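Participant: could you look at this predicted model? Sequence included:
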Amino acid sequence: MSAPAFVNANNEPFRLTPSTRIRRSPFYQATVAAGAQSFTVYNHMLMPTGYGDPDAEYWRLLNTVSMWDVAVERQIELCGPDAMRLAQLLVPRKLDRLRPGVGWYVPVCDHRGTLINDPILLKLSEERCWFSIADGDLASFARTIGAERGLDVRVTEPDVSPLAIQGPLAEDVTACLFGDKVRSIKHFHFRDLDLDGMSLKVARSGWSKQGGFELYLQDGSLGTELWNRVALAGASFGIGPGTPNPSERIESGLLSWGGDTDDQTNPFEVRMSRFVDLDAPDEVLSIRALRAIHADGPKRHQLGVLLGNDAPYPTTDLWCTVQAGNTALGAVTATAWSPRIERNIGLALVSRAAAPGDPVEVTLPDGRAINGELCRVPFL
């Protein structure tokens, strides 16, 4: 089910007022033509969130292939002799092993060790890289650090917009577009490819566990043309429009930065420990704080929660109080109906004192109290 609408006193949906602060994706017109029914704002850009049949969109992603406008995954480019040095200052992973043509999932943390973004870092060359970011202003942070350190690097947001092809048949559709050479692209690797004059970086990646590719379009004026080409190539495979799916992402345990995190969250609390190298260079902004947090032990951890209501209720990304008896444990950060588990499920950020198997009570935004049980993630 979709998220509850924001409504006025007459129970009518509010209108979103157009503004220069809210940009349209290069794929916007194509998504409207494809039947987009709802949008959210992410990185100051409109992002489709549904095409009117959430069940069909879910099963299409699971069984065949889906195409998503994810141009909101903006690229922050570092370019210049000190590009990779600035990247290393921002990231507590040792980047000396990252090769051109490869992307890494990385935490970006501030001086407190707090997670301020969780992008994919794509290395284009020794002097150029992109951060494919979650919803946050990483560009300003990077510019500030680069200037403060006197680095020779330019920080920009280039004209780059990803279009995702996701699902078990995504590779076949992508091969129809570019040839069988895409089948050899490894997970989180990318290649420069051309599609009838459209310059693209084609990466095996995407915000689902079903597998697929992201096509990084480098000319926004060609957004509708690329969308239509993908739709045509995928027609015989049953392709249809979709969006990053809330049910599938919770089932798969995918982190939503800013949704599952707050202003105190560190990588160790949200299952990102393997992406932190405690022996990273001392100049990394967050490394001393992260070493101290690791030594003391994080105070919270992310678990799943199986909720006791058998009927689907609206998806929510509003934090809901979770407690055991009279003891507050933390919050459920997102919930959704799982068609495969046939149960309401969620992700929780709770005290380390809480453990899988513990019974809990979750208070929903409408005031209802639902019994549940904590569990490990991913669910599936």
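Facilitator: Thanks, I have the structure now.
Participant: wait, isn't residue 175 in contact with residue 183?
Facilitator: Yes. At 6.0 Å, residue 175 counts as touching residue 183 under the criterion of C-beta atoms under 8 Å. Quick note: C-beta positions are derived from backbone N, CA and C, even for glycine.
Participant: helices along the chain, start to end?
Facilitator: Here the chain has its helices, by DSSP state H, at 28-33, 54-63, 83-90, 138-148, 170-178, 223-234, 246-252, 287-296.
Participant: ok, which of those comes nearest residue 203?
Facilitator: Closest of the helices of the chain to residue 203 is helix 170-178, at 10.4 Å (criterion: C-beta to C-beta).
Participant: number of nearby residues for residue 226?
Facilitator: 23 (other C-beta atoms under 10 Å).
Participant: wait, it touches residue 214, no?
Facilitator: No. With contact defined as C-beta under 8 Å, residue 226 does not count as touching residue 214 (12.0 Å).
Participant: now for those two: what residues contact both?
Facilitator: Counting by C-beta atoms under 8 Å, 6 or more residues apart in numbering, the contacts common to residue 226 and residue 214 are residue 163.
Participant: one step back: just put the helices of the chain in CSV and tack on distance to residue 270 and mean pLDDT.
Facilitator: Converted to CSV, the helices of the chain look like this (distance: least, C-beta to C-beta, whole Å; pLDDT from 0 to 100):
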stretch, distance to residue 270, mean pLDDT
helix 28-33, 30, 98
helix 54-63, 23, 98
helix 83-90, 18, 98
helix 138-148, 18, 98
helix 170-178, 27, 98
helix 223-234, 32, 98
helix 246-252, 14, 97
helix 287-296, 13, 98
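Participant: between these, which one is nearest to residue 264?
Facilitator: Among the helices of the chain, if distance is taken as C-beta to C-beta, the winner is helix 287-296, at 10.8 Å.
Participant: buried set for that closest one?
Facilitator: Going by neighbour count (16 or more other C-beta atoms under 10 Å), the buried part of helix 287-296 is 287, 289-291, 293-294.
Participant: go on, stretch 88-101?
Facilitator: Of the residues in stretch 88-101, those buried (16+ other C-beta under 10 Å) are 88-93, 95, 98, 101.
Participant: can you check stretch 213-226 too?
Facilitator: 213-217, 219-220, 222-223, 225-226.
Participant: farthest-separated two in those?
Facilitator: Most distant of those, by C-beta to C-beta, are 213 and 220, 19.2 Å apart.
Participant: make TSV from the helices of the chain and add distance to residue 162 to it.
Facilitator: Below are the helices of the chain laid out as TSV (distance: least, C-beta to C-beta, whole Å):
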stretch	distance to residue 162
helix 28-33	14
helix 54-63	17
helix 83-90	19
helix 138-148	16
helix 170-178	13
helix 223-234	11
helix 246-252	17
helix 287-296	29
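Participant: and residue 303, which of the ones you listed is closest to it?
Facilitator: helix 246-252 (12.1 Å).
Participant: hmm, who's touching stretch 43-55?
Facilitator: So stretch 43-55 is contacted by 1-3, 21-25, 28, 31, 34-41, 57, 68-74, 133, 135-136, 240-243, 339 (C-beta under 8 Å, 6+ apart).
Participant: JSON lines for the buried residues of helix 287-296, including distance to residue 326?
Facilitator: Output for those, formatted as JSON lines (distance: C-beta to C-beta, whole Å):
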{"residue": "287", "distance to residue 326": "39"}
{"residue": "289", "distance to residue 326": "33"}
{"residue": "290", "distance to residue 326": "34"}
{"residue": "291", "distance to residue 326": "36"}
{"residue": "293", "distance to residue 326": "29"}
{"residue": "294", "distance to residue 326": "32"}
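Participant: nearest to residue 327 among the residues you listed?
Facilitator: The closest of the buried residues of helix 287-296, once distances to residue 327 are taken by C-beta to C-beta, is residue 293, at 23.5 Å.
Participant: between residue 175 and residue 183, which one's more packed in?
Facilitator: Shown here are residue 175 and residue 183; by other C-beta under 10 Å, residue 175 has more neighbours (15 against 12).
Participant: tell me, which strand in the protein spans the most residues?
Facilitator: strand 327-338 (DSSP state E).
Participant: hey, what's the angle from that strand to helix 54-63? Just curious.
Facilitator: Interaxial angle, strand 327-338 versus helix 54-63 (axes from the mean of the first three to the mean of the last three C-alpha atoms, to 10 degrees): 80 degrees.
Participant: ok, and what's touching strand 327-338?
Facilitator: 1, 246-247, 250-251, 256, 259-261, 300, 305, 307, 312-313, 315-317, 319-323, 343-351, 353-354, 360, 362, 364, 379.
Participant: the strands in the stretch 51-200 of the chain, which residues?
Facilitator: With DSSP state E, counting those that start in this stretch applied, the stretch 51-200 of the chain shows strands at 66-69, 75-79, 102-105, 108-109, 115-117, 120-125, 128-132, 154-156, 161-166, 190-195, 198-203, listed in chain order.
Participant: thank you, goodbye.
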